[in-house]
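Enquirer: any chance you could fold what I've pasted below:
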Amino acid sequence: MHETEAELRLEVSELTELLREDSDFADLRNLLAARGLHASEVLLAGLIGGEDNSQYGVFITADPQ
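Expert: Below is the predicted model of the structure:
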């Protein structure tokens with residue numbers, strides 16, 4: 001099943017809010033900051049968990065770094 005554009009936008013919005021405000025994402029915010037990226041300036045467009053409890057995400061920035 002394919003998600004509609006509205007569903008995808010909602011998912012990105014919800015993930016981005018978690019990244020910016022949820023205490024569970026503090027380590028990720030710190031890792032971004034160490035790379036010169038601030039959570040307030042990026043979108044979290046996707047997040048998946050690996051079988052080994054690792055997590056992988058897709059970040060979108062206005063600056064093409």
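
Enquirer: roughly how far does residue 16 sit from residue 58?
Expert: Distance of residue 16 to residue 58, computed by Cβ to Cβ, to the nearest Å: 11 Å. Just so you know, the C-beta spots here come from the backbone N, C-alpha and C atoms, and that holds for glycine as well.

Enquirer: so for these two, which residue has more residues nearby?
Expert: residue 16 (18 against 12; other Cβ atoms under 10 Å).

Enquirer: quick one, what contacts that one?
Expert: 42, 43, 44 (Cβ atoms under 8 Å, 6 or more residues apart in numbering).

Enquirer: surely it is in a helix?
Expert: Yes: assessed with DSSP: H, G, I helix; E, B strand; the rest coil, residue 16 lies in a helix.

Enquirer: the residue nearest the centre of the chain bridge partners, please.
Expert: Geometric centre of the chain, nearest residue: residue 44, 2.3 Å, by Cα atoms, centre = their mean. Here residue 44 sits in beta bridges with residue 59, as judged by DSSP bridges.

Enquirer: make sure it is actually in contact with residue 14.
Expert: No: using Cβ atoms under 8 Å, residue 44 is not in contact with residue 14; the gap is 9.0 Å.

Enquirer: quick check, pLDDT for the residue nearest to the centre of the chain.
Expert: Listed pLDDT for residue 44 reads 96.

Enquirer: same check on residue 59?
Expert: 93.

Enquirer: same question, residue 1
Expert: 57.

Enquirer: what residues does stretch 40-50 touch?
Expert: By Cβ under 8 Å, 6+ apart, the list of residues contacting stretch 40-50 reads 11-12, 15-16, 18-20, 32, 55-63.

Enquirer: show the buried residues in those residues.
Expert: Neighbour-count burial (16 or more other Cβ atoms under 10 Å) is assigned, among the contacts of stretch 40-50, to 12, 15, 16, 19, 20, 32, 59.

Enquirer: save those as TSV, and put in distance to residue 38 too.
Expert: Converted to TSV, the buried ones among the contacts of stretch 40-50 look like this (distance: Cβ to Cβ, whole Å):
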residue	distance to residue 38
12	17
15	16
16	12
19	11
20	9
32	7
59	11
